[in-house]
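J.: Sequence and predicted structure below; questions after.
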Amino acid sequence: MGLHNGNPPAFGTAPAQVKIDPDSEFVLVSTKAANVMFSYEIGRHGELARNPVISDAGNTPFGFTFDTEDSLLVTESGANAVSRFELEDDGALDQIGPSVPNGQQAPCWIQRVGDFFFVANAGSSTISSYRVNDDGKLELVKAVAADTGGGSIDMTTSDGFLYVQNATAGNVQGYEVAKDGSLTLVTTVEGLPKFADGIGMEGIAAS
């Protein structure tokens, strides 16, 4: 399908995330080393187009999430920033405004809770917060909304709470998200496998 992934896939060159857009028209895939995103059109019977639309997506695009039906926020792990893109009718991505850095290291996954978007910075063990303001501009709310102290990798959300997987600490933290986007630690689960020698936890989900 054009991703040219190795077997087994190498972390640095493997695709990072796959997601269907809110209108269920495209499957989007972020890459790391290629600095692009792939958009595969979904056919009438669920089949994917053999030839994707390929768009530049910044410096090491990693995680992404939609803020409207046709716009999305993408973390740039190599630039320590977040960018906003418009998903066009043909599947192409056009950047909206400049990338917004957070001063942290290796932003990976991004999750939305209400009007705020939270980014896990694996290299800094921190969580940054963003929002899209009333003028449609992406802005950094807090460079360090939380200091997790354990290699923040992935996140998931449920009912106004943000759950953070800290791979090197081997724990999961739960934060309550206030109306102003501030985070309050409310729970920590310890005793999970710690990421070491390139092996360990790299995903979390809520049901």
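T.: That came through fine.
J.: contacting residues for residue 190?
T.: Residues near residue 190 by C-beta atoms under 8 Å, 6 or more residues apart in numbering: 170, 171. The way it works is simple: take the backbone N, C-alpha and C, and place the C-beta from them, glycine included.
J.: what do you get for residue 166?
T.: 125, 148, 149, 150, 151, 152, 153, 172, 173.
J.: Quickly note the distance from the nearest residue to it once chain neighbours are set aside to residue 44.
T.: Spatially, and ignoring its direct neighbours in sequence, residue 166 is nearest to residue 150 (3.1 Å; C-beta to C-beta, 6 or more residues apart in numbering). Taking C-beta to C-beta, to the nearest Å as the measure, residue 150 falls 46 Å from residue 44.
J.: and if you look at residue 37?
T.: Separation of residue 37 from residue 44 (C-beta to C-beta): 24 Å.
J.: Just give me the residue right at the centre of this protein.
T.: Per C-alpha atoms, centre = their mean, the C-alpha nearest to the average position across the chain is that of residue 63, at 2.5 Å.
J.: Which of the helices or strands spans residue 131?
T.: Residue 131 belongs to strand 126-132 when assigned by DSSP states H and E.
J.: what helices or strands is that strand leaning on?
T.: Under the contact definition 3 or more C-beta pairs under 8 Å, 6 or more residues apart in numbering; DSSP states H and E, strand 126-132 sits against strand 116-121, strand 138-147, strand 152-158.
J.: and residue 193, which of those strands is closest to it?
T.: Closest approach to residue 193 among these is made by strand 152-158 (12.4 Å; C-beta to C-beta).
J.: Give the other helices and strands that the closest one contacts.
T.: If contacts are counted by 3+ C-beta pairs under 8 Å, 6+ apart, strand 152-158 sits against strand 107-113, strand 116-121, strand 126-132, strand 161-166.
J.: ok, residue 188 - contacts?
T.: By C-beta under 8 Å, 6+ apart, the neighbours of residue 188 are 171, 172, 173, 174.
J.: Check residue 86 too.
T.: 70, 71, 93, 94, 95, 96.
J.: quick one: which of residue 37 and residue 44 has more around it?
T.: Counted by other C-beta atoms under 10 Å, residue 37 and residue 44 do not tie: residue 37 has more neighbours, with 28 against 5.
J.: how near is the more buried one to residue 144?
T.: In terms of C-beta to C-beta, residue 37 sits 28 Å off from residue 144.
J.: And residue 134, by the same measure?
T.: Distance from residue 134 to residue 144, by C-beta to C-beta: 25 Å.
J.: who's more crowded, those two?
T.: Counting neighbours by other C-beta under 10 Å for residue 134 and for residue 144 shows that residue 144 has the greater number, 16 against 6.
J.: Pull out the buried members of the contacts of residue 166.
T.: 125, 148, 150, 151, 152, 153, 172, 173 (16 or more other C-beta atoms under 10 Å).
J.: how about CSV for these, with distance to residue 183 and pLDDT added?
T.: CSV is the format used below for these (distance: C-beta to C-beta, whole Å; pLDDT from 0 to 100):
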residue, distance to residue 183, pLDDT
125, 14, 95
148, 10, 95
150, 15, 89
151, 17, 88
152, 12, 90
153, 17, 85
172, 14, 95
173, 9, 96
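J.: No more questions from me, cheers.
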